[in-house]
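K.L.:
need a structure here:
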Amino acid sequence: MDPGGGCPHAANARLLARGATTDVLLPDDIPGVLVLGHEALKECLSHPDVGKGAEHFTALREGRIPGGWPLRTFATVSGMLTADGDEHRRLRALVGKAFTARRVAELRPRIEAVTAELLDGLARTAAAGDGVAELRDGFALPLPMGVICELFGVDEEYRDRLHHLSHRVVSTSISPEEAVAANREMVQVLATVAAVRAERPGDDLTSALIAARDDDDGRLSEQELIGTLLLFIVAGHETTLNLITNAVRALCAHRDQLELVRSGRVGWADVVEETLRWDSPVSYFPFRYPVRDITLAGTVIPRGTPMLAGYSAAGRDPAAHGPDADRFDVTRPGRADATRHLSLGHGAHYCLGAPLARLEASVALERLFTRFPGLDLAVPDAELPRHGTFVGNSVERLPVRLTP
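P.N.:
Next up, the predicted model:
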């Protein structure tokens, strides 16, 4: 795997032509498997003999994973991400009620208000210069970051630092020393956030989690509390940030598709689903492990092998999406079926925040292109710097021109 990341689609196409899974070398020459094909990935995500607990990771159990390994947090963080069975259901139940479709729908007015404020800020930035504004940092980032932090009671003073650290935690191109420092500081900041909420509890999820931790039955340990905060702060904004960024890039590159939405022939929700499929916010997500030798797409995968979910590859798998799978098409048949792609997961670990991500992205895109109908990229897409990771899939910057 290239630690520097980059656009995954050309490599995915070559690999898919060879098969639905492929052996890879992870950092420090740790052998692993990419699951690339749509059907193979779907089976993997719900396979009864595939687990997420670190105890299943052979190389980790044998002491072959160094402390500064850039993917170590994905394997060892305590909480929902690495829990199986009853433990996973217990942890998921603690926060699941906050992400139901009804509860998320109640957030719409707040999301719309934040979106309007951010669009005003973009307009002011463009007016002060040459009509260009930085869309990723000025709009696509603060919207989901603000919403998820409000849900979890994270004060504004911590948000910029948490985004910076989130970016470091998911990076695969930083040094071992930088990885250790980023993870250590992330835990420290989240512990501070928890301490503030313990001292001044409010109507937020962190306060509710602390109350569960302090119950006599000990439903949530301190490590699980920090792990839950880490999962939702990182995943709750990084993926939606990439989704909005990738959707804007796709629409600017496919003006005919943008016109279909503007004319009302398809909805903004269709744009969100096609972006999730065509340019998934996540390329290769770590980890799952066979708890015994399994056969996936005709390939035997040994027990304890770290497997990465190839969401960006599965979304363009011709076997599932047809010979034109690499074409961005908001009218694609079956677009209303949210299960037609796997970019938000499948099975027991399906993304709890999926309804929130879909709502945020739909509102953001509709309001953005309504306010600025002439919006276009200020530099060619190919010149935009990519993420320094093979986990996330997007660009680091998105300068746009708000008027023709």
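K.L.:
shaky segments in the protein?
P.N.:
213-218, 334-339, 404 (pLDDT under 70).
K.L.:
Longest helix in it, please.
P.N.:
helix 222-253 (DSSP state H).
K.L.:
what about the strands in the stretch 251-400 of the chain?
P.N.:
Ranges of strands in the stretch 251-400 of the chain, per DSSP state E, counting those that start in this stretch, are 284-290, 294-296, 299-301, 307-310, 376-377, 399-401.
K.L.:
export these to TSV and tack on mean neighbour count?
P.N.:
(Each C-beta comes from the backbone N, C-alpha and C, glycine too.) As requested, the strands of the stretch 251-400 of the chain are exported to TSV (neighbours: other CB atoms under 10 Å):
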stretch	mean neighbour count
strand 284-290	24
strand 294-296	16
strand 299-301	15
strand 307-310	27
strand 376-377	16
strand 399-401	19
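K.L.:
Serialize these to TSV and add fields for distance to residue 333.
P.N.:
Listed next are these as TSV, based on distance: least, CB to CB, whole Å:
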stretch	distance to residue 333
strand 284-290	27
strand 294-296	28
strand 299-301	30
strand 307-310	23
strand 376-377	29
strand 399-401	31
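K.L.:
Quick one, which of those gets closest to residue 7.
P.N.:
With respect to residue 7, and counting by CB to CB, the nearest of these is strand 284-290 at 13.0 Å.
K.L.:
Parallel or antiparallel, which strands does that closest one pair with?
P.N.:
Applying DSSP bridges, strand 284-290 is found paired with strand 50-51 (antiparallel), strand 307-310 (antiparallel).
K.L.:
quick one: contacts for residue 291?
P.N.:
49-51, 56, 303 (CB atoms under 8 Å, 6 or more residues apart in numbering).
K.L.:
which one of the residues you listed sits closest to residue 172?
P.N.:
residue 56 (21.4 Å).
K.L.:
Check the gap between the closest one and residue 287 for me.
P.N.:
As judged by CB to CB, to the nearest Å, residue 56 and residue 287 stand 9 Å apart.
K.L.:
could I get the strands paired with strand 284-290 as TSV with distance to residue 358?
P.N.:
Below are the strands paired with strand 284-290 laid out as TSV (distance: least, CB to CB, whole Å):
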stretch	distance to residue 358
strand 50-51	26
strand 307-310	19
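K.L.:
just the buried members of the contacts of residue 291?
P.N.:
Taking 16 or more other CB atoms under 10 Å as the criterion, what is buried in the contacts of residue 291 is 50-51, 56.
K.L.:
so what's residue 205 up against?
P.N.:
Contacts of residue 205 by CB under 8 Å, 6+ apart are 95, 98, 151-153, 232.
K.L.:
which two in those are spaced the farthest apart?
P.N.:
Comparing all pairs in the contacts of residue 205 by CB to CB, the longest separation belongs to 95 and 153, at 12.8 Å.
K.L.:
Show me which residues of the longest helix of the chain are buried.
P.N.:
Along helix 222-253, these residues count as buried under the neighbour rule (16+ other CB under 10 Å): 224-252.
K.L.:
quick one on the thing from earlier: just the contacts of residue 291 now: which is nearest residue 401?
P.N.:
The closest of those, once distances to residue 401 are taken by CB to CB, is residue 50, at 46.3 Å.
K.L.:
What separation is there between that closest one and residue 40?
P.N.:
Distance, residue 50 to residue 40, by CB to CB: 12 Å.
K.L.:
What's the end-to-end length of stretch 21-38?
P.N.:
10 Å (CA to CA, to the nearest Å).
K.L.:
ok, and what's touching it?
P.N.:
Here stretch 21-38 has contacts from 1, 3, 12, 15-16, 19-20, 40-41, 44, 59, 64-66, 69-71, 172, 284, 287, 296-297, 299, 301, 305-310, 313-315, 317, 319-321, 342, using CB under 8 Å, 6+ apart.
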